[in-house]
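Q: Sequence and computational prediction follow.
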Amino acid sequence: MSQYPNSQQSNYPLTNILNPGENDILCGRGGGTNAHSGNIKFRKLVAAHKLRYLAASKSDKPNVARDVVKEWRGMNPPGRFLAKMDVKMMISLNLITVEEIKEEAAQDAAAASSGVDGNGVTKKKKKKVYWYDVGDKKAREKASQCLRERNGAA
């Protein structure tokens, strides 16, 4: 999948990630990803390369994006570009079973119909969200997208 610049960092997990860190970019849309500390930090890195990108020829622009990804991946702990795992992927990796999904759906339906448990407390169970690194190709695409944007949103 992704290769980090030094071997010490190669042991950093690239899949089954439950708690993204400050050097992780959360790929996706919406305020949750934009407000993540890693995305904010990445936007600052992109801004530092923006003038070089704008001055680059069309054939050199991918090299600027590659340099941004290389710099991000070279941090300690290494920077990752993460996407949420979908249910099919979580099942295939044995992170969750079909039975657990059915149980969650039943609990969601019960909470939606009643809204509270027997003690008068609103029922809301936090679901586990697993993340995985999208790899260098997608990371370069993300960096290129951010370098093109006027506001550099990550």
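A: Happy to help now that I have it.
Q: Using PDB, list the CA coordinates for stretch 21-31.
A: Output in PDB follows, covering the C-alpha atoms of stretch 21-31 (Å, rounded to 0.1, in the frame of the first residue of the first chain):
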ATOM      1  CA  GLY A  21      -4.000  11.000  15.200                       C
ATOM      2  CA  GLU A  22      -2.800  14.500  14.700                       C
ATOM      3  CA  ASN A  23      -0.700  13.500  11.700                       C
ATOM      4  CA  ASP A  24      -3.600  11.800  10.000                       C
ATOM      5  CA  ILE A  25      -5.700  13.300   7.200                       C
ATOM      6  CA  LEU A  26      -9.300  12.200   7.200                       C
ATOM      7  CA  CYS A  27     -10.500  11.900   3.600                       C
ATOM      8  CA  GLY A  28     -14.100  12.700   3.100                       C
ATOM      9  CA  ARG A  29     -16.600  15.600   3.100                       C
ATOM     10  CA  GLY A  30     -18.000  17.700   5.900                       C
ATOM     11  CA  GLY A  31     -17.100  19.600   9.000                       C
END
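Q: Off-centre distance for it?
A: Distance of stretch 21-31 from its chain centroid, counting by CA atoms, centre = their mean, to the nearest Å, is 4 Å.
Q: again, but for stretch 85-98
A: Distance, stretch centre to chain centre, for stretch 85-98: 17 Å (CA atoms, centre = their mean).
Q: ditto for stretch 30-43
A: 9 Å.
Q: got the buried residues for that stretch?
A: Under the neighbour-count criterion of 16 or more other CB atoms under 10 Å, stretch 30-43 has 33, 36, 38-39, 41-43 buried. Where C-beta positions appear, they are placed from N, C-alpha and C, glycine not excepted.
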